[in-house]
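>>> Build me a model:
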Amino acid sequence: MVNPEHTAQIWSILEQVPDPEIPIINLVELGVIREVEILNDQNDLKITITPTYTGCPAKKLFEDLILEKLHENGYPKVEIISKLNPAWTTEWLSEKTKEKLMKEGISPPTIGDRIVQCPLCKSENTKMVSAFGSTPCQSLYTCNECKEPFNYFKCH
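Below is the predicted model of the structure:
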């Protein structure tokens, strides 16, 4: 029988794994880590992840960081499964996570990318400069009010 406190402890460890592209949020907050399963009394684990994109360049790094953190916390046998269905969506980001992005200067996703708010002055009078930002999941915007550039976390 799986001890819920033990499962919660593993989730707590996984919350220490930062997103390598946006390190102010962790992989649990990002919604990449979907499931934790304790397989037996030896604490062998199966971790299910859903990368943000099917061809996400950070996927291997996600796996390496998860393994490293679990190994250093006494979990030597960890299997990581990638699950692509359902596809990752920005809807998996909590409001708290979106607030963290905004404080870091990254405008969080909005439904249909319709309203992109400047994280600095909060104006909605913004325009896309490039569909490609500092990472594949971000676009580069500028604010027409404060004139500052910023990244927008694309909705998908």
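
>>> for Gln117, phi and psi?
phi -90, psi 140 (degrees, to the nearest 10).

>>> just the strands in this protein please.
Along the chain, counting by DSSP state E, strands occupy 33-38, 45-49, 78-82, 106-107, 126-130, 138-143, 149-153.

>>> Put together JSON lines for those strands, with mean pLDDT on each row.
Output for the strands of the chain, formatted as JSON lines (pLDDT from 0 to 100):
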{"stretch": "strand 33-38", "mean pLDDT": "95"}
{"stretch": "strand 45-49", "mean pLDDT": "97"}
{"stretch": "strand 78-82", "mean pLDDT": "96"}
{"stretch": "strand 106-107", "mean pLDDT": "94"}
{"stretch": "strand 126-130", "mean pLDDT": "96"}
{"stretch": "strand 138-143", "mean pLDDT": "95"}
{"stretch": "strand 149-153", "mean pLDDT": "94"}
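
>>> could I get the ones you listed as TSV with distance to Leu67?
In this view, the C-beta of every residue, glycine as well, is placed from N, C-alpha and C. Shown next, in TSV, are those (distance: least, Cβ to Cβ, whole Å):
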stretch	distance to Leu67
strand 33-38	12
strand 45-49	9
strand 78-82	6
strand 106-107	27
strand 126-130	34
strand 138-143	26
strand 149-153	26
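
>>> quick one: which of those strands is nearest Gln9?
In terms of Cβ to Cβ, the element of those nearest to Gln9 is strand 33-38, at 9.9 Å.

>>> so what strands line up beside the closest one?
Sheet pairing of strand 33-38 (DSSP bridges) gives strand 45-49 (antiparallel).

>>> now the partner strand and strand 78-82, what's the angle there?
Angle, strand 45-49 to strand 78-82, by axes from the mean of the first three to the mean of the last three Cα atoms, to 10 degrees: 20 degrees.

>>> would TSV of the strands of the chain with distance to Lys59 and mean neighbour count be doable?
TSV is the format used below for the strands of the chain (distance: least, Cβ to Cβ, whole Å; neighbours: other Cβ atoms under 10 Å):
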stretch	distance to Lys59	mean neighbour count
strand 33-38	12	16
strand 45-49	8	18
strand 78-82	7	15
strand 106-107	20	23
strand 126-130	24	14
strand 138-143	17	20
strand 149-153	18	22
